[in-house]
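In: Give me coordinates for this.
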Amino acid sequence: MKTLVSIIKDHFIWRHQILKLAKSDIIKTYSGSALGWAWAIIKPTILVLIFWFVFSIGLRVAAGADGHPYILWLISGLVPWLYMDEMITGGTTAFLTYSYLITKMKFPIATIPTFIGIAKLIVHCALMVVVILIFVLHGYYPDVYLLQLPIYTILMVIFYANWGLFAALFSAISKDFLNLVFSFTTAIFWMSGILFDVRGIQRPWVKTLLMFNPPTFIAEGYRNVFIYKVWIWEQPYHLLAFLFMLCVMSTIAVWSYKKLHKEIPDVL
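Out: Have a look, this model is predicted:
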């Protein structure tokens, strides 16, 4: 508990610097190119179009759930995955990327994954505006279910901020852990229901397992907002499973920070 309080205190004291570094991270990511920030929209758009072509044209997948076009079903789950993917990899390399903050100045390392997450969140919010516009162009206008979108977003940000802290600590100490994460990221994508409807799975044990998979919960949550029209409290077991995984991830992150944070400057 003392370690957790210390982490929260660091976030409060350094809150202005965290926001400035988040802005700096975005500028650094998209500077140096003619299109600049447009790449934040162009890259995911290309990815969505590729998957849409493969599954709708090549494999001739039927329409999405509840009569929605497949492209709408696809983007409502794929866009949150883009944030999760960025945080799985970007969070893991956080200390390696910003090693100068750790080795050359007295900066609270627990806040590094946080400002990276905020930077990715700004891009994510811009993409969500595009998603809403695409739905409107297809004749599906925002409704009351959109009010729960911030809830899923906040849960996603909190979970992957904790993941980033845990993974950044271990990847700074072991390159094997870094390579392991990179190796499993693609597998997580294909097994999390981003491209297929998990509600159609017939085996109960697989459904139960996916309930405890955070990417599945988040992707399905976004689809609850845009496609299924389901309130978050209408699936209490899914929510409890995610909150359980969030508590586990937070506990592991805080424990890892307590044990390893003093060694990180020497390792880097």
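In: List the buried residues of stretch 255-268.
Out: S256, Y257, L260, H261, I264, L268 (16 or more other Cβ atoms under 10 Å). C-betas here are computed from N, CA, C, even on glycine.
In: what do you get for stretch 15-30?
Out: Buried, per 16+ other Cβ under 10 Å, within stretch 15-30: I18, L21, A22, D25, I26, T29.
In: T114 and I158: what is the separation?
Out: 10 Å (Cβ to Cβ, to the nearest Å).
In: Which residue of those two possesses the greater neighbour count?
Out: T114 (26 against 15; other Cβ atoms under 10 Å).
In: and the more buried one, helix, strand or coil?
Out: Following DSSP: H, G, I helix; E, B strand; the rest coil, the label given to T114 is helix.
In: which non-adjacent residue is nearest it?
Out: Residue nearest to T114 in three dimensions, not counting chain neighbours: A161, with 5.3 Å by Cβ to Cβ, 6 or more residues apart in numbering.
In: Can you name the helix or strand that that neighbour falls in?
Out: Using DSSP states H and E, A161 maps to helix 149-173.
In: Show me where the stretch 101-250 of the chain has its helices.
Out: Remark: helices assigned in the stretch 101-250 of the chain by DSSP state H, counting those that start in this stretch are 112-137, 149-173, 175-191, 204-211, 214-223, 236-260.
In: and among those helices, the most buried is which?
Out: Of these, the one with the most neighbours on average (mean count of other Cβ atoms under 10 Å) is helix 214-223, at a mean of 25.
In: which phi and psi does W231 have?
Out: Backbone torsions of W231, given as degrees, to the nearest 10, read phi -80, psi 150.
In: got the contact list for it?
Out: W231 makes contacts with Y145, Q148, N224, as judged by Cβ atoms under 8 Å, 6 or more residues apart in numbering.
In: ok, so of those, who is nearest W233?
Out: Ranked by distance to W233 (Cβ to Cβ), these are led by Q148 at 9.2 Å.
In: Could you check how far that closest one is from L127?
Out: 18 Å.
In: picking up where we left off before, among the helices of the stretch 101-250 of the chain, which is nearest I71?
Out: Comparing these by their distance to I71 (Cβ to Cβ), the top pick is helix 112-137, with 7.9 Å.
In: now the closest one: mean pLDDT?
Out: For helix 112-137, mean pLDDT rounds to 89.
In: so what's the nearest residue to I132 once chain neighbours are set aside up against?
Out: Closest residue in space to I132, ignoring its immediate chain neighbours: P142 at 6.2 Å, by Cβ to Cβ, 6+ apart. If a contact means Cβ under 8 Å, 6+ apart, then P142 has I132, F135, V136 as its contacts.
In: how much space between the first one and F217?
Out: Distance of I132 to F217, given as Cβ to Cβ: 21 Å.
In: just Y160 next, same as before
Out: In terms of Cβ to Cβ, Y160 sits 12 Å off from F217.
In: thinking again about what came up before, next, the angle helix 112-137 makes with the helix holding A161.
Out: For helix 149-173 against helix 112-137, the angle by axes from the mean of the first three to the mean of the last three Cα atoms, to 10 degrees is 140 degrees.
In: What residues sit buried inside the helix or strand hosting H11?
Out: Taking DSSP H and E as the definition, H11 sits inside helix 2-13. The neighbour-count check on helix 2-13 (16+ other Cβ under 10 Å) flags T3, S6, I7, D10, H11 as buried.
In: just checking, next helix/strand downstream of it?
Out: helix 15-30.
In: any idea of the mean pLDDT in that next one?
Out: 82.
In: residue nearest the centroid of the protein?
Out: The chain has M84 as the residue nearest its centroid, 2.3 Å off, counting by Cα atoms, centre = their mean.
In: How about that one, nearest residue that isn't a chain neighbour?
Out: In space, M84 is closest to P215, 5.4 Å off (Cβ to Cβ, 6+ apart).
In: quick one, what contacts that neighbour?
Out: W81, M84, I188, F189, S192, G193, I194.
In: pLDDT value on it, please?
Out: Looking at P215, its pLDDT reads 94.
In: which intervals of this structure have sub-threshold pLDDT?
Out: Where the chain drops to pLDDT under 70, the residues are 30-38, 40, 52, 55-67, 268.
In: Mind giving me the packing neighbours of the helix or strand that I46 is a member of?
Out: Using DSSP H and E, I46 sits in helix 39-52. Packing partners of helix 39-52 (3 or more Cβ pairs under 8 Å, 6 or more residues apart in numbering; DSSP states H and E): helix 70-92, helix 112-137.
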